[in-house]
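**Q** structure of the sequence below:
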Amino acid sequence: MDRDVGDAAQVAEAKTVEQLCEEREREELRQVLGTRAGRAVLWRMLERCGIYRTSFTGDPLGMAFREGERNIGLACLNLCLTADPRAYTIMRDEATIRNKDDGRQ
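**A** Numbers count the residues shown, from 1 in each chain. The predicted structure is shown next:
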């Protein structure tokens, strides 16, 4: 359905629907971040997206691909920080412990 941006009621309704969807997404993410397994999966996804590495490869197409991955990772990180700011610190600390236990640090 097309909305009439000149109709204040339609604009308000669209904002409300969007806000409800965003809040539902944050709550769902809070539930995932509330479990050790959920945090571990999200941390691995963030690592795979390369949010902490440079995208530069010397190859423009490879670099564009890596930057696309990184962009998705940064968006995911932003969602996590918006849903539960403490969860990032918990995820990082748990990942540090896992890496030590796995002999990767």
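
**Q** how about the helices in this protein?
**A** According to DSSP state H, the chain carries its helices in the segments 8-33, 36-49, 60-83, 85-101.

**Q** Asp2: which of the ones you listed is closest?
**A** Nearest to Asp2, of all the helices of the chain, is helix 8-33, at 9.4 Å by C-beta to C-beta. For glycine as for every other residue, the C-beta is placed from the backbone atoms N, C-alpha and C.

**Q** counting contacts, what elements does that closest one pack onto?
**A** Helix 8-33 is packed against helix 36-49, helix 60-83, helix 85-101, with contacts defined by 3 or more C-beta pairs under 8 Å, 6 or more residues apart in numbering; DSSP states H and E.

**Q** dump those to TSV, plus distance to Val17 and mean neighbour count.
**A** Converted to TSV, those look like this (distance: least, C-beta to C-beta, whole Å; neighbours: other C-beta atoms under 10 Å):
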stretch	distance to Val17	mean neighbour count
helix 36-49	27	15
helix 60-83	19	14
helix 85-101	26	13
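
**Q** distance to Gly6 and mean pLDDT for these - can I get that in JSON lines?
**A** JSON lines is the format used below for the helices and strands packed on helix 8-33 (distance: least, C-beta to C-beta, whole Å; pLDDT from 0 to 100):
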{"stretch": "helix 36-49", "distance to Gly6": "40", "mean pLDDT": "97"}
{"stretch": "helix 60-83", "distance to Gly6": "31", "mean pLDDT": "97"}
{"stretch": "helix 85-101", "distance to Gly6": "38", "mean pLDDT": "95"}
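
**Q** can I get those helices in JSON lines with distance to Cys21?
**A** Output for the helices and strands packed on helix 8-33, formatted as JSON lines (distance: least, C-beta to C-beta, whole Å):
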{"stretch": "helix 36-49", "distance to Cys21": "20"}
{"stretch": "helix 60-83", "distance to Cys21": "13"}
{"stretch": "helix 85-101", "distance to Cys21": "21"}
